[in-house]
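coordinates only, sequence not included:
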C-alpha cells in the first residue's frame, strides 16, 4: 500500500490533527493515545484527552506521569489508564507461569525493552537482547524475573489482585484495565474470575 512509517511523534500528531478535522460526521470520540515513554506522554497532554499504557511499570509510573502537566494529572476528564495482564489463581507459581508464557513476546519488542530499561530493568533487558541476538528467543520466558512480574502484572489470589489495583491507583493510574488470563488457557474463565474478585 506504499505506506512509509515516519517518526512516531510526528505521525501521531499529524494523524490526530487530521482525525479532529473531520467534524462533518458529528461529535468525535475522545482521543486516547497509547503511550510508554515520556515524549508520547507529554504529547498526549498537548493533543489528546487521555493516555493508556500497556504493561507499564508501576514502580516507574510516578516518574512517567511526571511528563504530564499537574493540571492534566489532576483533571478527572483526562483519561489515565494502563492495561495490566492479570491472572487470578490461589497457586501463585501457576499464575506466574501463565504470565511468563504470555508476556515473553513483549520482551522481544525493542520499544518495550527501551521502556523497561528506562524503568530500571537494564540487566534483564540486556540479558534478553543477548538471547535474541543468539537466536534463543524460546528462552525469553525464563528471563521474566519475579521483580519484573510483580511490577508490571497482577497475579495470585483475588485479594492480592484487589490490593494490586489499589497500588496502581496510588501510582497515578486512575483507570486500571485488567486484561484477564486463566491458568486453564480459557480467557472467558479469566474474565469471570476478575468479575468475581470484585463482586461486592
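Okay, I see it. In this text, all values refer to a predicted model and were calculated from it rather than measured experimentally. Numbering: from 1, shown residues only.

For residue 76, which three-state class applies?
In three-state terms, and counting by DSSP: H, G, I helix; E, B strand; the rest coil, residue 76 is coil.

tell me the contacts of the residue nearest to it when sequence neighbours are not counted?
Residue nearest to residue 76 in three dimensions, not counting chain neighbours: residue 174, with 7.8 Å by CB to CB, 6 or more residues apart in numbering. C-beta: built from backbone N, CA, C; applies to glycine. Contacts for residue 174 (CB atoms under 8 Å, 6 or more residues apart in numbering) come out as 76, 79, 80, 81.

what's around the first one, how many residues?
To tie it back to what came earlier, the one meant is residue 76. Neighbourhood size, residue 76 [other CB atoms under 10 Å]: 6.

pLDDT at it, what is it?
As predicted, residue 76 sits at a pLDDT of 95.

Numbering from 178 from now on, please.
Fine by me, first position is 178 from now on; the one you just mentioned is residue 253.

The residue nearest to residue 253 and residue 304, how far apart?
Remark: distance between residue 351 and residue 304 (CB to CB, to the nearest Å) = 34 Å.

what's the answer for residue 219, then?
30 Å.

Same question for stretch 303-314: list its buried residues.
Using 16 or more other CB atoms under 10 Å as the test for burial, stretch 303-314 gives 304, 305, 308, 309.

Out of those, the closest to residue 359 would be?
Lowest distance from residue 359 to the buried residues of stretch 303-314 (CB to CB) belongs to residue 305, with 25.9 Å.

residue contacts, the closest one?
Counting by CB under 8 Å, 6+ apart, residue 305 touches 284, 285, 290, 317, 320.

Just those: which are in helices?
Secondary structure from DSSP state H places 284, 290 of the contacts of residue 305 in helices.

and the contacts of residue 305, which are buried?
Using 16+ other CB under 10 Å, the buried members of the contacts of residue 305 are 284, 290, 317, 320.

Format those residues as TSV; extra columns: distance to residue 231.
Shown next, in TSV, are those (distance: CB to CB, whole Å):
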residue	distance to residue 231
284	14
290	14
317	18
320	19
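
mind giving me TSV with those residues and columns for distance to residue 234 and pLDDT?
Below are the buried ones among the contacts of residue 305 laid out as TSV (distance: CB to CB, whole Å; pLDDT from 0 to 100):
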residue	distance to residue 234	pLDDT
284	13	95
290	12	97
317	18	94
320	16	94
